[in-house]
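**Q** Predicted model, plus sequence, below.
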Amino acid sequence: MEEEYEMQRSWAQDEDKLTFIVLDRGLPDTPGTGSHGGGMAGDVNLFFTLDEEEGGRQAAEIEVMVAEQGSRGKGIAKEALRALMAYASRELGVKRFVAKVHEVNEPSRKLFEGLGFEEFKRVACFGEVHYHLLTEKATSWLPRLQEGLKLDKYE
């Protein structure tokens, strides 16, 4: 138990990673976590591990995972990605998001493409398609979300 706690604390203190929990309002609150308006369905992450050539701290790799089968296809992954991108661009100064998607994962590829991400590279040995989105190209939705962000402490 202590080892799991240490791992969770290291995630919370890692300056190179940011995680938002994805809730599904159609699920009951996760037992023991209080009332949040839904149960945990997955997570969305940012990783600040790109080198200077790829943008340094102004660029971040972004990923999303909806683990609950019944929560897929409801649009919560798109909503979570957009919220994290709005936060990261407004609060952390991220100007470029990179997504690495397995080439056979059509739902994820369509998700990122639908958000305006453009393919810029393929890595055959990993079967990955790399996409990126510059915040200056997301003017149809990003500024509105940035303005509407409300930050609060989580207890």
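**A** Now that the structure is in, tell me what you want to look at.

**Q** Excluding chain neighbours, give the residue nearest to residue 148 in space.
**A** residue 86 (7.9 Å; C-beta to C-beta, 6 or more residues apart in numbering). The C-beta positions use only the backbone N, C-alpha and C, and glycine is treated the same way.

**Q** helix or strand for the one you found, which one?
**A** For residue 86, the host element (DSSP states H and E) is helix 76-91.

**Q** follow-up on the earlier one: isn't the residue nearest to residue 148 up against residue 138?
**A** No. Assessed by C-beta atoms under 8 Å, residue 86 is found out of contact with residue 138, at 9.3 Å.

**Q** mind listing what the spatially most central residue of the chain touches?
**A** For the chain, the residue nearest the mean C-alpha position is residue 44 (3.4 Å; C-alpha atoms, centre = their mean). Counting by C-beta atoms under 8 Å, 6 or more residues apart in numbering, residue 44 touches 19, 20, 22, 62, 63, 64, 65, 77, 80, 81, 83, 84.

**Q** For those residues, which PyMOL command selects only the ones that are buried?
**A** The PyMOL selection below is limited to those of these classed as buried (16 or more other C-beta atoms under 10 Å):
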select buried, resi 20+22+62+63+64+77+80+81+83+84
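
**Q** any idea which of the contacts of residue 44 is closest to residue 145?
**A** residue 83 (6.9 Å; C-beta to C-beta).

**Q** show me where this protein has strands.
**A** 17-24, 39-47, 59-66, 96-102, 118-123, 128-134 (DSSP state E).

**Q** follow-up on the earlier one: any idea of the mean pLDDT for the helix holding residue 86?
**A** Averaged across helix 76-91, pLDDT comes to 95.

**Q** angle of it against strand 39-47?
**A** 40 degrees (axes from the mean of the first three to the mean of the last three C-alpha atoms, to 10 degrees).

**Q** what's in contact with helix 76-91?
**A** So helix 76-91 is contacted by 18, 20, 22-24, 41-42, 44, 46, 60, 62, 64, 66, 94-95, 97, 111, 114-115, 133, 135, 138, 141-142, 145-146, 148-149, 151 (C-beta under 8 Å, 6+ apart).

**Q** Can you select the buried ones among those for me in PyMOL?
**A** Selection command for PyMOL covering only the buried members of these, criterion 16+ other C-beta under 10 Å:
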select buried, resi 18+20+22+23+24+41+42+44+46+60+62+64+66+94+95+97+111+115+133+135+138+142+145+146
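
**Q** circling back to that earlier point, what residues are bridge-paired with the residue nearest to the centre of the chain?
**A** residue 20, residue 64 (DSSP bridges).
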